[in-house]
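Participant: Compute the structure for the input listed below.
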Amino acid sequence: MSSGATNPAERSGRDRANRDDQGDSWRPSALIEVLRRRATLLSAVREFFAQRQVTEVETPVLCESGAVEAHLDPVPVEVDLGRGCSDFYLVTSPELGMKRLLAAGSGPIYQITRAFRVGERGRLHNPEFSMLEWYRPGFNLNDLMNEVESLVREVFRTAGRDLGAAPFERLSYREAFERHLGIDPLVASVERFQSVAVERDLDVPTSLRGATNRDAWLNFLLAVAVEGKLGGERPTLLHHYPASQAALARVNSDDPRVAERFELYVDGVELSNGYHELGDAEEQRRRFEESNEERVAQGRERLPLSERFFSALRSGLPDCAGVAVGLDRLFLVAIGGDSIDDVMTFPIERA
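Facilitator: Next up, the predicted model:
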């Protein structure tokens with residue numbers, strides 16, 4: 001999958017460093033040539049959905065509340081509505097607004113939007129980023145994985161990269177841990193996770209040492225010992241995550257230990273997160289409240305719940321599957337480069 005050829009995005013990384021040395025931080029971090037290629041890829045994404053009669057929509061990025069997840073922090077904003085300031089948030093995802101549209105009878109929809117997350121900055125992260133999200137009534141998890149594969153192939157083809165004829169690898173979360181760490185993540189104890197970290201000489205963060213939270217250990221092991229090995233020979237669709245790690249997904253009817261969730265990896269980079277969507281309002285409320293309790297235990301802010309969203313679920317969310325794709329990462333991997341800065345105009349340091 002990886003290419004050793006020099007490309008515009010890689011040159012952009014070198015040029016960016018040179019410009020920073022010269023105090024030219026007013027310039028975009030990506031080359032203009034790369035930004036033109038990005039525009040072409042965006043057009044290809046829109047054409048992909050137009051051909052499938054999926055409607056493009058817009059929902060607010062400034063909301064009173066959004067999805068409550070234990071490890072994602074939205075950007076808080078005070079807004080003066082003429083009767084004093086009210087608390088709002090820049091959304092981490094357009095998911096709740098889009099599901100309200102689905103409940104109102106929108107049919108299949110997609111959105112290209114900006115999303116915001118506190119504290120996320122690095123080679124593959126920026127606090128503000130571009131997200132593609134879409135929902136397909138009547139689709140199950142396999143249907144959506146098929147469509148994700150079709151979209152990614154089209155983006156790579158437009159970018160001039162050949163993904164080959166072989167279908168994307170489909171690997172369960174359990175199979176990935178058994179293959180790369182020799183453990184069953186659904187039954188192994190926290191003590192076993194700790195011993196694997198010692199055996200592999202992994203650099204365990206201080207916050208995790210002595211911790212008994214299974215998901216915290218699984219997230220750590222996935223990030224440092226599994227993810228980098230996924231999607232190298234061909235893209236990998238990692239599916240059926242532990243049920244405790246899919247706050248908005250249905251639990252699998254055949255095995256309640258796992259949820260109907262998948263992620264796509266290309267060259268070790270996670271590009272998307274998809275669910276067979278949960279439609280039970282009371283179960284969704286329970287999960288959000290549980291996430292809030294976990295946030296409090298971590299010293300994070302308790303987030304408000306969206307009553308409008310719960311009302312939409314009670315009115316009837318169609319059986320559907322949905323997925324979010326990080327467009328900056330997708331374009332980076334398709335074009336080639338070192339950092340998402342190579343395919344963005346102005347990352348946070350230049351905003």
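
Participant: if I pick residue 344, what's in contact with it?
Facilitator: 28-30, 126, 328 (C-beta atoms under 8 Å, 6 or more residues apart in numbering). C-beta: built from backbone N, CA, C; applies to glycine.

Participant: Give me the nearest residue to residue 270, chain neighbours excluded.
Facilitator: Spatially, and ignoring its direct neighbours in sequence, residue 270 is nearest to residue 263 (5.4 Å; C-beta to C-beta, 6 or more residues apart in numbering).

Participant: isn't there a strand covering that neighbour?
Facilitator: Yes. Applying DSSP: H, G, I helix; E, B strand; the rest coil, one finds residue 263 inside a strand.

Participant: Can you verify my assumption that it contacts residue 235?
Facilitator: No. Using C-beta atoms under 8 Å, residue 263 is not in contact with residue 235; the gap is 11.0 Å.

Participant: When these two are compared, which one has more neighbours?
Facilitator: Legend: neighbour count by other C-beta atoms under 10 Å for residue 263 and residue 235, higher for residue 235 (25 against 20).

Participant: what's the neighbour count on residue 192?
Facilitator: With neighbours defined by other C-beta under 10 Å, the count for residue 192 comes to 15.

Participant: Figure out the helix or strand that it lives in.
Facilitator: Assigned by DSSP states H and E, residue 192 belongs to helix 190-199.

Participant: buried residues in that helix?
Facilitator: By neighbour count on 16 or more other C-beta atoms under 10 Å, the buried set for helix 190-199 is 193-194, 196-197.

Participant: just the angle between the helix or strand following that helix and helix 190-199, please?
Facilitator: Past helix 190-199, further along toward the C-terminus, the next helix or strand under DSSP H and E is helix 214-221. For helix 214-221 against helix 190-199, the angle by axes from the mean of the first three to the mean of the last three C-alpha atoms, to 10 degrees is 20 degrees.

Participant: ok, the following helix or strand past helix 214-221: who's next to it in the sheet?
Facilitator: Downstream of helix 214-221, the next assigned helix or strand under DSSP H and E is strand 236-239. With DSSP bridges as the test, strand 236-239 is paired with strand 169-172 (parallel), strand 261-266 (antiparallel).

Participant: For residue 238, see how far away residue 322 is.
Facilitator: Distance of residue 322 to residue 238, computed by C-beta to C-beta, to the nearest Å: 17 Å.

Participant: Which helix or which strand is home to residue 301?
Facilitator: Following DSSP H and E, one finds residue 301 outside all helices and strands.

Participant: now it: how far from residue 277?
Facilitator: 26 Å.

Participant: So those two - more neighbours on which side?
Facilitator: Between residue 301 and residue 277, counted using other C-beta under 10 Å, residue 277 has the larger neighbour count: 25 against 12.

Participant: hey, what's that one bridged with?
Facilitator: Judged by DSSP bridges, the bridge partners of residue 277 are residue 249.

Participant: okay, it: pLDDT?
Facilitator: We have a pLDDT of 98 for residue 277.

Participant: Now do the same contact list for it.
Facilitator: Neighbouring residues of residue 277 by C-beta under 8 Å, 6+ apart: 99, 135, 248-250, 317, 320-322.

Participant: okay, the residues you listed in JSON lines with neighbour count and pLDDT next?
Facilitator: Shown next, in JSON lines, are these (neighbours: other C-beta atoms under 10 Å; pLDDT from 0 to 100):
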{"residue": "99", "neighbour count": "28", "pLDDT": "98"}
{"residue": "135", "neighbour count": "27", "pLDDT": "98"}
{"residue": "248", "neighbour count": "22", "pLDDT": "92"}
{"residue": "249", "neighbour count": "25", "pLDDT": "96"}
{"residue": "250", "neighbour count": "21", "pLDDT": "96"}
{"residue": "317", "neighbour count": "21", "pLDDT": "98"}
{"residue": "320", "neighbour count": "21", "pLDDT": "98"}
{"residue": "321", "neighbour count": "26", "pLDDT": "98"}
{"residue": "322", "neighbour count": "25", "pLDDT": "98"}
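
Participant: What is the nearest of the residues you listed to residue 120?
Facilitator: Of all the contacts of residue 277, the one with the least separation from residue 120 (C-beta to C-beta) is residue 248, at 19.4 Å.

Participant: Find the nearest non-adjacent residue to residue 238, please.
Facilitator: Closest to residue 238 by C-beta to C-beta, 6+ apart is residue 263, at 5.0 Å.

Participant: Just checking, which helix or strand succeeds the longest strand along the chain along the chain?
Facilitator: If you go by DSSP state E, the chain has its longest strand at strand 128-137. Counting by DSSP H and E, the next helix or strand C-terminal to strand 128-137 is helix 141-159.

Participant: Flag the shaky bits of this structure, pLDDT-wise.
Facilitator: The chain contains residues with pLDDT under 70 at 1-22.

Participant: Could I get the full set of helices for the protein?
Facilitator: 8-21, 32-51, 95-103, 141-159, 173-181, 190-199, 214-221, 281-297, 307-316, 327-335 (DSSP state H).

Participant: Please name whichever of those helices is nearest to residue 82.
Facilitator: Ranking those by distance to residue 82, with C-beta to C-beta as the measure, places helix 307-316 first at 21.2 Å.

Participant: got the angle between the closest one and helix 95-103?
Facilitator: Using the same axes, to 10 degrees: helix 307-316 against helix 95-103 is 30 degrees.
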